[in-house]
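K.L.:
Just need the structure, nothing else, for what follows:
(one chain, ligands or ions: 1)
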Amino acid sequence: MNLDFTPEQIAFREEVRAFIAENYPDSLKSKLADSEELGKEDYLAWHRILAKKGWVAPGWPKEYGGPGWSTVERFIFADECAKADTMMILPFGINMVGPVIYTFGTPEQKARFLPRILSGDDWWCQGYSEPGAGSDLASLRTKAERQGDHYIVNGQKTWTTLAQHADWGFFLVRTDPDAKMQEGISFLLIDMKSPGITVRPIITLGGEHEVNEVFLDNVKVPVENRIFHENKGWTCAKFLLAHERTGIAGVARSKRGIEKLKQIAKTEQANDRPLIEDPFFRRKIAELEMDLTALEYTELRVLANEQAGKGPGPESSLLKIKGTEVQQRITELVLEAVGHYGAPYFRGFPQDGDNIYPIGPDYAHQAAPRYFNMRKTSIYGGSNEIQRNIIAKMVLGL
Ligand SMILES: Cc1cc2nc3c(=O)[nH]c(=O)nc-3n(C[C@H](O)[C@H](O)[C@H](O)COP(=O)(O)OP(=O)(O)OC[C@H]3O[C@@H](n4cnc5c(N)ncnc54)[C@H](O)[C@@H]3O)c2cc1C
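P.N.:
Have a look, this model is predicted:
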């Protein structure tokens with residue numbers, strides 16, 4: 001595997017860098033730097049700019065609106081976005097349901113949904129997990145009963161990320177209660193404004209409204225909103241999860257995270273000298289960096305395989321485990337570096353009208369909420385214990 005970039009790839013990197021420098025909105029830069037709570041329009045602002053340029057869906061085939069990049073160009077693009085600290089593009093439309101629709105959908109479904117995912121006109125959420133069906137997803141109980149040209153859907157989903165903003169959701173529902181678990185499931189696209197849907201917030205440890213419970217009470221869904229065959233939704237579900245896991249590795253963002261950590265460690269003092277000179281702390285950063293470099297090479301190897309036409313296999317589990325461990329360790333070390341300054345704060349603090357203000361440096365205020373928030377990464381997208389089971393079975397043959 002040759003890891004040197006070609007002159008064309010280096011020129012591509014320059015083009016991406018220049019585009020971001022000229023087009024990334026200053027308003028978003030300052031909101032993110034001040035850790036302000038983001039609204040729906042903030043989430044969508046960068047999405048829309050990239051959509052206009054034709055760059056919002058790096059992984060999509062050109063015929064459906066992707067930019068036609070090679071996997072290396074996609075890697076470079078992600079790297080440049082991370083270096084510039086741009087907003088993440090929400091994955092639910094672009095990385096999750098979009099590929100399911102262009103792979104398994106009918107021509108009508110592709111024409112109806114794909115352009116609106118690209119433009120950002122539709123915000124999507126993922127209705128997989130239920131109370132009692134997380135790791136063991138196939139035991140889901142939300143049921144859809146066919147009545148003529150509609151399904152009537154009843155049940156409850158949980159942990160539905162940002163469903164409070166969603167126009168559409170992709171849901172796994174049980175259409176045949178008598179079939180074997182995986183065989184009686186269908187993949188439905190549901191308009192979140194349908195009568196009978198209730199979205200209730202779950203507030204996380206860091207004080208954020210990021211996840212929700214979604215209740216479905218006699219929700220009427222046209223049969224034409226089902227992707228692929230009735231009772232064969234598990235095929236779409238598995239396809240989607242493999243794509244979700246590769247995306248979670250987050251190498252480029254972690255590289256940027258370590259840069260920031262080093263900057264903080266240079267500023268913070270321990271025993272009257274910069275923390276970065278403390279041999280114990282230095283060693284922790286060095287170990288983290290080594291793990292991240294190993295992860296980066298693994299990701300490049302997976303990308304090289306993909307380039308050669310081999311899709312993501314069980315390696316995506318490995319990327320998910322190591323990627324999320326690195327992300328969590330970065331937030332742990334930032335919290336350790338800022339010490340007691342990190343303790344009292346939560347997202348959105350202080351708010352207008354508060355008569356107490358944070359003490360300590362700006363970078364410390366969000367250290368605790370970020371640390372708490374990142375505990376999620378080893379759980380969502382299939383918990384790391386389950387990923388280890390997959391590696392044990394599929395890679396090691398145990
Ligand atoms: C912040 C956040 C956002 C999320 N967003 C979404 C979303 O938008 N849409 C959605 O559908 N879901 C979402 N999820 C749900 C997520 O996919 C599930 O939480 C995850 O699949 C784990 O399921 P569970 O929480 O039911 O835990 P459980 O399955 O009950 O597992 C509990 C613990 O037991 C371990 N365990 C379970 N079975 C085994 C086994 N066989 N071997 C070894 N260990 C095992 C697990 O690894 C875990 O540590 C989100 C979760 C979080 C935390």
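K.L.:
How far does the helix or strand hosting residue 49 sit from its chain's centre?
P.N.:
According to DSSP states H and E, residue 49 maps onto helix 40-53. Relative to the centre of its chain, helix 40-53 is centred 16 Å away, using Cα atoms, centre = their mean, to the nearest Å.
K.L.:
buried sites along it?
P.N.:
With burial defined by 16 or more other Cβ atoms under 10 Å, the residues of helix 40-53 counted as buried are 42-47, 49-51. Heads up, the C-betas are built off the backbone N, CA and C, glycines and all.
K.L.:
Nearest to the ligand among those residues?
P.N.:
Using Cβ to the nearest ligand atom, residue 43 comes nearest to the ligand of the buried residues of helix 40-53, at 14.3 Å.
K.L.:
does the closest one really touch residue 92, like I thought?
P.N.:
No: with contacts counted by Cβ atoms under 8 Å, residue 43 stays clear of residue 92, the gap being 11.0 Å.
K.L.:
quick revisit: reformat the buried residues of helix 40-53 as CSV; add pLDDT and distance to the ligand.
P.N.:
As requested, the buried residues of helix 40-53 are exported to CSV (pLDDT from 0 to 100; distance: Cβ to the nearest ligand atom, whole Å):
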residue, pLDDT, distance to the ligand
42, 92, 19
43, 92, 14
44, 96, 17
45, 96, 22
46, 97, 20
47, 98, 17
49, 98, 25
50, 98, 22
51, 98, 22
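K.L.:
from these, which is closest to residue 240?
P.N.:
Distance to residue 240, by Cβ to Cβ, is smallest for residue 47 among these, at 19.6 Å.
K.L.:
Please work out how many residues are found near the residue in the stretch 51-200 of the chain that the ligand sits nearest to.
P.N.:
Nearest residue of the stretch 51-200 of the chain to the ligand: residue 134, at 1.8 Å (Cβ to the nearest ligand atom). Using other Cβ atoms under 10 Å, residue 134 is surrounded by 18 other residues.
K.L.:
which phi and psi does it have?
P.N.:
Main-chain dihedrals, residue 134, degrees, to the nearest 10: phi -120, psi -90.
K.L.:
got a pLDDT number for it?
P.N.:
Residue 134 is assigned a predicted lDDT (pLDDT) of 95.
K.L.:
and if you look at the one 4 residues further on?
P.N.:
With respect to pLDDT, residue 138 scores 95.
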